[in-house]
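Q: kindly generate the corresponding structure for this input.
(chains A and B)
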Amino acid sequence: MLGKFTLGAAAAVLIGATALPAAAQDSIYVPLLTYRTGPFAGSGIPIADGMHDYLRMLNERDGGIGGVKLTIEECETGYDTKKGVECYESIKGKNPAVVNPYSTGITLQLIPKAAVDKIPMLSMAYGLSPSADGNHFPWIFNPPVTYWDGASVFIKYVAEKEGGMDKLKGKKIALLHLDAPYGKEPIPLLEALSKELGFQLILYPVAAQDMQNQGAIWLNVRRDRPDWIYLQGWGAMNPTAVKEAVRNGFPIGKVVGVWWAGGDDDARAGGEQAKGYKSLDFHAVGTDFGVIKDVQKHVIDKGLSKYPKDKVGDNLYNRGIYNSMLVAEAIRTAQAVTGKKVVNGEDVRKGLEALNITEARLKEMGMEGFAAPVKVSCEDHNGHHKVFVAEWDGTKWVKASDWMEPMKDKVRPLIEAGAKDYAEKNTGWPKRSEPCAKQS
Amino acid sequence: MFYREAGQYKTSYAADMAVFPLRQDRIGLAIIIAAAYGLAFTKNDFLLQAVMIPFLVFSLAAIGLNLLTGYAGLLSLGTGGFMGVGAYACYKLMTAFPEVNVLIWILTSGFFAAGIGVLFGLPSLRIKGFYLAVATLAAQFFLQWAFNRVPWLVNYNVSGAIEAPLRTLFGVPIMGPTATPEVRYLVVLTLVIFLTWIASNIVRGRIGREWMAIRDMDIAAELMGIKLLPTKLLAFAVSSYYCGVAGAMLVFLWYGGAEYTVFDINQSFFTLFMIIIGGLGSLIGSFFGAALIYMMPIGLGMLLPAILAPFGLSIGSETIEHLRFLIVGALIIFFLIVEPHGLARLWQIGKQKLRVWPFPY
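A: Numbers count the residues shown, from 1 in each chain, chains lettered A, B, ... in the order given. Sure thing, here's the model as predicted:
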């Protein structure tokens, strides 16, 4: 009896709760899939707060975008695919403008659904690299760079330090990566480059359950003595890798992390000796930008944020800001392209395809020097933009190189081949039917 | 009063041996099944996609584990791995032979899981209890490693994921991105009802009784002439078959695609908790357990803001998440204290009480 009753009650509640009318359509609904709980919360919290605070700032300062308020709602995923899909199901009826899954696992689940539900998905510099091909993935966007671009910039940087591409011959370059789809992403590109440039590629996979137990792997590192290490890790794996590099006396200046390995806490774990640890990045850190000042003034100082005041400007917090900036600019562009004020998912898809954040626009937003210009087109949903190498100086990240162009000529063919492969394996993958919107 | 068998005479052996000897039970079951099918027409995508489909899939996995742990008394922590075998086998079969109907492949993929289950069940003749749990844990880790490390299993996909291609039944898409939740729900529901019916017949027949004999005392069972090895291996095979089918349904009829992390050790624990809470050695308990472990957190996530809103309290999604954990944990302990034999036992007691109500003496 009890079972029947609770089941009935639960079902009644669920039906009631989901049948509630979606928020009245005089605002734009922006759901944020975030994770403030679980094993990856350490990385998830600054990103979640950064994303939230920038959108909130737009609401407070400008009254939204183009005069339309944004309804911001967070859904907790715990970085868990099951909960992420549940979150997606609960928000998709409320007319979301764009979805940010913030997990490669969740992104992979949602890619086929995006086209069916007519909801664009922004997986900013994560997710499936081939989804940068707009001809096959009209609803998926992953600007400003893919993992393949990142790996190519790493090789360029190494070449620069070693004194030219021809000097790479015979060098040993290692990839220390999480043994999961995310960590394995750069392998095809690095393999292609190692053949071409003649360096030796060594792979060190770290299983997810051994993230904090890398002793055995670093024994191999000591034996193989690679010249450079590229770190493609996430969560607890990164600080552990930095700590192990310090402990094993590996020159920390020759460890370069992907942008997700560039958290302040990742580097801080290595202590004083982590000075010189490097990571790729596509936005600046710190608070010396108009946009961050505005966030502080309108959100942080008013107590509207959950983020600790003194940590504003951290790398991952700023990444959240950057992510929301892309969302906001896509909505703004969508308004310009369609002429509508209250835009829906289909409009924002057009907006994302016409996205063109110029130097002038960055200046207007108070982001001069914070990020590089971003341009997306119908074919190229990524743009393969410039990134730079940041270096940990013991207390904060500082820029250690110029903005570097990825090897687009190497990356793009791989992307197109990957996208074609994906579409072929998924029989019945829809052909692109969405017309290309005009640039505004 | 309403639930009394007075006047219902059993006039044949068949009637006496029926699964549901009481008319009220049969009517109740018919109503539940009709209601379950009726849900498909509510057009509530969230209810179907995020609540009912996963609930049914997990129920089937729980039935699978219950056959092994609850009926045959063999503790297993390899459920996640066996589910994965089903999913990956289904993927390989589906992509290799696209012309065969996918329902056949879903049901066939279970046999691959059964084969792997038998292989890892071999040690069960010599080891029992916690030691067997450790042996099956090895299956879990090995299989998870294989899903990640053997690119052949994912057809050399760069992202290492398996995805559901478009497949149809009578011209209606039942798999892939364009399949509606209603259709997928109906497919899942039909498969789960069919397999539950088979399971209920297995456990009531000779095989099930052999399993229970082994569970209760294996030496006595052996003395009675039950061959331990084949019977235990059969338990592993049938259990893994159910888990494999559940895994294939999980990926292809619910998620639409998956990476190997879906089948990690957490999935094994998740299923084990379901059968412990629901009731070991009970099919209906598998459903109760899946409902409690899977549906209750979702219900709470929706209920809590609704309760707190009138008081002007708005809480963040992460606080709800923490509260969910707290409340679900507390409820699990509560249910286990009130009834250590699980919800199924509670259900039985309730039924017994109703039978004599309102004159309990």
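Q: my guess is residue A:343 meets residue A:333, correct?
A: No. Taking contacts as C-beta atoms under 8 Å, residue A:343 lies outside contact range of residue A:333: 9.5 Å. Quick note: C-beta positions are derived from backbone N, CA and C, even for glycine.
Q: joint contacts of the two?
A: residue A:351 (C-beta atoms under 8 Å, 6 or more residues apart in numbering or on different chains).
Q: could you report the neighbour count for residue 92?
A: I'll assume chain A. Counted by other C-beta atoms under 10 Å in any protein chain shown, the residues lying close to residue A:92 total 21.
Q: let's do chain B instead
A: Per other C-beta under 10 Å, the neighbour tally for residue B:92 reads 18.
Q: and what of residue B:326?
A: 11.
Q: so how far is the helix or strand where it lies off the chain centroid?
A: Taking DSSP states H and E as the criterion, residue B:326 maps to helix B:317-338. Centroid separation between helix B:317-338 and its chain, computed with C-alpha atoms, centre = their mean, to the nearest Å, is 22 Å.
Q: which strands and helices sit next to it?
A: In terms of contacts (3 or more C-beta pairs under 8 Å, 6 or more residues apart in numbering or on different chains; DSSP states H and E), helix B:317-338 is packed against strand A:69-76, helix B:265-278, helix B:296-308, helix B:343-356.
Q: buried ones in that helix?
A: Neighbour-count burial for helix B:317-338, counted by 16 or more other C-beta atoms under 10 Å in any protein chain shown, picks out B:317-321, B:324, B:332, B:335.
Q: and the residues you listed as TSV, adding pLDDT?
A: Below are the buried residues of helix B:317-338 laid out as TSV (pLDDT from 0 to 100):
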residue	pLDDT
B:317	73
B:318	76
B:319	80
B:320	79
B:321	79
B:324	80
B:332	81
B:335	81
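Q: now distance to residue B:136 too, for those, in JSON lines please.
A: Formatted as JSON lines, those follow (distance: C-beta to C-beta, whole Å):
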{"residue": "B:317", "distance to residue B:136": "36"}
{"residue": "B:318", "distance to residue B:136": "34"}
{"residue": "B:319", "distance to residue B:136": "37"}
{"residue": "B:320", "distance to residue B:136": "35"}
{"residue": "B:321", "distance to residue B:136": "31"}
{"residue": "B:324", "distance to residue B:136": "29"}
{"residue": "B:332", "distance to residue B:136": "23"}
{"residue": "B:335", "distance to residue B:136": "26"}
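Q: burial of residue 164, as a residue count?
A: Defaulting to chain A. Residue A:164 - counted by other C-beta under 10 Å - has 8 other residues nearby.
Q: wrong chain, I was asking about chain B
A: Around residue B:164 there are 25 residues (other C-beta under 10 Å).
Q: check residue A:288 too.
A: 11.
Q: likewise the one 3 residues further on?
A: Summarising burial for residue A:291: neighbours were counted as other C-beta under 10 Å, giving 21.
Q: so it sits in a helix?
A: Yes. Assessed by DSSP: H, G, I helix; E, B strand; the rest coil, residue A:291 belongs to a helix.
Q: give me the neighbour count for the residue lying closest to it once chain neighbours are set aside.
A: The shortest distance from residue A:291 to any non-neighbouring residue, by C-beta to C-beta, 6 or more residues apart in numbering or on different chains, is to residue A:366 (4.0 Å). For residue A:366, the count of nearby residues is 14 (other C-beta under 10 Å).
Q: check residue B:38 too.
A: Residue B:38 has 10 neighbouring residues, counting by other C-beta under 10 Å.
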